[in-house]
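Undergrad: this one's sequence-less:
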């Protein structure tokens, strides 16, 4: 069986990875994956959000961990980066304060070489440090990423697996990838990044040659490589002269795509994803750091669905380019909607998350669940929720952010996916998307949990997640009869 | 307080009262005025005991169905609150059923063939009798039992309410 790997570059890659995480949480993707987020800007707000969500998912999934063959998997059962810890999800620059000049060892070069470097990089480039990533300067990032990745991949190629430290996420990733390519079925690697920014545009062309020529040098290459190239789909206000200018993104994209049309990038399949409009994703121009928390966008969901497509329908040849379009952003226009069952899975996950974050988590915290029917059944199943408060908190935080993500995605005028408004009424549980018919959704969801009786699970959290999953699925099936078939 | 134990204690007490009354009905007839047909009085109670039990059962089913539609889980509930509402609704509803059965049986008593008494005299003869309260106790018991079965079978998939059942 093939093993699936995803590398996401930069802030845009991080946001796509977040969407991919939600597809995994919802069971739209059920095969295990190994994810890696690469961004030199460790403090980037979007990166931090995704990293936090990945950690929370890992907390919950490590307790749930029960993908079974009965077609009734719980939410959070898709294995990500198992058996490694949450540190394996991301990599950031370990030397962000070093100037580019020092990384190039500028002073040690001859006069002629320095003259060449002066032609390629101006003084501000050479003085640049990477606390905030590459800040849209792909000509710097491509060299720095290539240098960093090459070093890590060479190291992974030389050493046997299994002895890497948990914190060495790049080493872990590439060793697992190397092992997977030597097994029957091989490996599938999908790379996600923007073609218009800094880190993504730098990373996309670097991966294929490094993997094929360095990591797998001299080995049988059971490897399928794909990438999701994101064209500009958002903008931000103009800032200072040295800050990134989103007005230049289309030009950068034009140049990058022109390059890719002439040169073989090394991918077996390329997904081109973009949007006709470029709304402001941030109120101010934030070149990086914690304040760079650009709003989520449906394009990131499309990129995640492209990943689902890549893993479910891997390329048979090479040089494939896939792009698709839709007159509106609706459930019936989503790519990969059939085999991911994105509508059912995401609507049910949203119901699950609302129920847990808005109601049940508070009930658990205030110990109001004691003596309720579902809790008596949980205890009768031989498990308990005691001692799993950190995981329940992670689940709550995950759910809160997921619901916020839903609200951000649906903010665009032409998006007809979810219908969540800002209210906190229990009616919202039954109005996640259009077509809800049942009254008293809170009652039905809790009643659904109460009906289940004993469930065979290994932990109280697994029991709880499974019970709420089954209840959410059953409720959504009854509530959205018009389209739930 | 409003839990399964309370519900079934209430039901058991009512059932005990009804059974004791039933025993009295057939073992120790109360002497009446010589002008009144003693056998017709006994016929009233031995007939109406089934009528009141049937009324209790039917109205208990209706009560259970009403519970299915009306009683709801609420976000701020404690674990026992929901079952408390089920029990409370059942007991209060059963008391209303007792009142309804009282009215029905009073009406039946007023038209019962007890010559030469007028309707009001018949009511004054039959209703104050201790045996009349047996009719009410039986209706009360029957309504609670049928309520319990309906809420178990219909409302909570056989898994909840005043008749607990564990396991799938």
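TA: That came through, no problem. Just so it is clear, the structure is predicted and the values come from calculations on it, not from any experiment.
Undergrad: Now whatever residue of chain B ends up closest to chain A: phi and psi?
TA: Relative to chain A, the nearest point of chain B is residue B:79 (3.4 Å; C-beta to the nearest C-beta). (Each C-beta comes from the backbone N, C-alpha and C, glycine too.) Backbone torsions for residue B:79, taken as degrees, to the nearest 10, come to phi -60, psi -30.
Undergrad: just residue B:118 next, same as before
TA: phi -80, psi 160.
Undergrad: Pull out the buried residues from the biggest helix by length in chain B.
TA: Ordering each helix of chain B by length in residues (DSSP state H) puts helix B:38-70 first. Neighbour-count burial for helix B:38-70, with 16 or more other C-beta atoms under 10 Å in any protein chain shown as criterion, is recorded at B:41, B:44-45, B:48-49, B:51-53, B:55-57, B:59-61, B:63-64, B:67.
Undergrad: Give me the neighbour count for the closest residue to residue A:159 other than its chain neighbours.
TA: Ranked by C-beta to C-beta, 6 or more residues apart in numbering or on different chains and with sequence neighbours excluded, the top spatial neighbour of residue A:159 is residue A:175, at 7.4 Å. When neighbours are counted by other C-beta atoms under 10 Å in any protein chain shown, residue A:175 registers 22.
Undergrad: how close does residue A:175 get to chain B?
TA: Here residue A:175 is placed at a distance of 44 Å from chain B (C-beta to the nearest C-beta, to the nearest Å).
Undergrad: Single out the residue in the stretch 1-150 of chain A that lies closest to chain B.
TA: Taking C-beta to the nearest C-beta, the stretch 1-150 of chain A has residue A:72 as its residue nearest chain B, at 13.2 Å.
Undergrad: now that residue, nearest residue through space, not along the chain?
TA: residue A:470 (7.1 Å).
Undergrad: swap in residue A:22?
TA: residue A:402 (6.1 Å).
Undergrad: In this structure that neighbour contacts residue A:24, no?
TA: No. Here residue A:402 does not reach residue A:24: they are 11.9 Å apart, not a contact under C-beta atoms under 8 Å.
Undergrad: before we move on, back to that, now do the same for the residue of chain B closest to chain A: its pLDDT.
TA: Looking at residue B:79, its pLDDT stands at 85.
Undergrad: ok, the residue nearest to residue A:22 - contacts?
TA: A:22, A:25, A:53, A:349-350, A:353 (C-beta atoms under 8 Å, 6 or more residues apart in numbering or on different chains).
Undergrad: where do the helices sit along chain B?
TA: Using DSSP H, the helices of chain B run over residues B:4-27, B:38-70, B:81-111, B:119-126, B:130-150.
Undergrad: TSV please, covering those and showing distance to residue A:322.
TA: Compiled in TSV, these are given as follows (distance: least, C-beta to C-beta, whole Å):
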stretch	distance to residue A:322
helix B:4-27	60
helix B:38-70	51
helix B:81-111	51
helix B:119-126	87
helix B:130-150	57
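Undergrad: what's the following helix or strand after the helix or strand where residue A:47 lies?
TA: Assessed by DSSP states H and E, residue A:47 sits inside helix A:45-64. The element immediately downstream of helix A:45-64 (helix or strand, assigned by DSSP H and E) is strand A:90-91.
Undergrad: quick revisit: was I right about the residue of chain B closest to chain A contacting residue A:370?
TA: Yes. If you go by C-beta under 8 Å, residue B:79 and residue A:370 touch, sitting 5.0 Å apart.
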